[in-house]
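K.L.:
what's the 3D shape of this:
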Amino acid sequence: MKTLDWKKELKHLYQSSAKEVVAVDVPAINYLMINGKGDPNTAQEYADAVEALFTVAYTVKFMVKKSALAIDYGVMPLEGLWWANDMSKFTAEDKSDWLWTMMIAQPPFVTSAMVEAAIVEVKRKKNPASLARLRFEAFSEGQCAQIMHVGPFSEEGPNIARVHDFIAASGNRLRGKHHEIYLSDIRKADPAKWKTIIRQPMQHS
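P.N.:
Below you'll find the predicted structure:
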């Protein structure tokens, strides 16, 4: 059986520096995705989305392991795109109007047929509340700026500002959606040690 550490292969995208903002070119990657709305700390919709994503992601992993491919790989971390229809309401003080896409990247050998088979299996066994809203599609970000944030989410502000300043200083402007990659298990880790990659797509002004 072959063992794959895909996160290590994509080290430049998933192991960013906490000291400086860097520019990265993000290729098209296939994801399991669920869209939703509401405060991630309190909305049941958010908890349901995360449950469905991880349940399907692990089901796909075990299917691949048992298949003719015979590849064992680590499930990728949870990622989130965040925005609001009215960006003036996109504030940390009130997250009730936040819109989000939560997602988990899938290795290139995972096909839509595999995902569909995994969804059927998950529906038969557990049928989590958000399963019907899950989709499998490619997402391409291209040129981005990113930094590693260490600490609780409530303290991300200065690092988000650093990313935005880096983009402006390099003659670019923001585009797309605020992107976060959650490298820590927040149920177990000390909030002071949480690691989150903050990523922002950019384009020439």
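
K.L.:
before we move on, what SS does the most centrally placed residue in the chain have?
P.N.:
With distances taken as Cα atoms, centre = their mean, the residue of the chain nearest its centroid is residue 79 (1.2 Å). Following DSSP: H, G, I helix; E, B strand; the rest coil, the label given to residue 79 is strand.

K.L.:
ditto for residue 192
P.N.:
Quick answer, by three-state DSSP: residue 192 is helix.

K.L.:
and the residue nearest to the centre of the chain, what is it in contact with?
P.N.:
31, 102, 103, 104, 105, 179, 180, 181, 182 (Cβ atoms under 8 Å, 6 or more residues apart in numbering). (C-beta placed from N, C-alpha, C; glycine too.)

K.L.:
ok but residue 59 is inside a helix, no?
P.N.:
Yes: under three-state DSSP, residue 59 falls within a helix.

K.L.:
give the buried residues for stretch 33-47.
P.N.:
For stretch 33-47, the neighbour count (16 or more other Cβ atoms under 10 Å) marks 33, 34, 35, 36, 38, 40, 43, 45, 46 as buried.

K.L.:
beta-bridge partners for the residue nearest to the centre of the chain, please?
P.N.:
residue 103, residue 181 (DSSP bridges).

K.L.:
so where's this protein shaky on pLDDT?
P.N.:
Residues of the chain that meet the criterion pLDDT under 70 lie in 87-93.

K.L.:
can you map out the strands along it?
P.N.:
Secondary structure of the chain (DSSP state E): strands located at 2-4, 22-26, 29-37, 71-73, 78-83, 99-106, 135-139, 142-150, 172-174, 178-182, 195-204.

K.L.:
export these to TSV and tack on distance to residue 114?
P.N.:
Shown next, in TSV, are the strands of the chain (distance: least, Cβ to Cβ, whole Å):
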stretch	distance to residue 114
strand 2-4	15
strand 22-26	23
strand 29-37	11
strand 71-73	12
strand 78-83	20
strand 99-106	9
strand 135-139	9
strand 142-150	27
strand 172-174	35
strand 178-182	23
strand 195-204	27
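
K.L.:
could you chop this protein up by domain?
P.N.:
15-27+141-205, 29-139 (automatic domain parsing).
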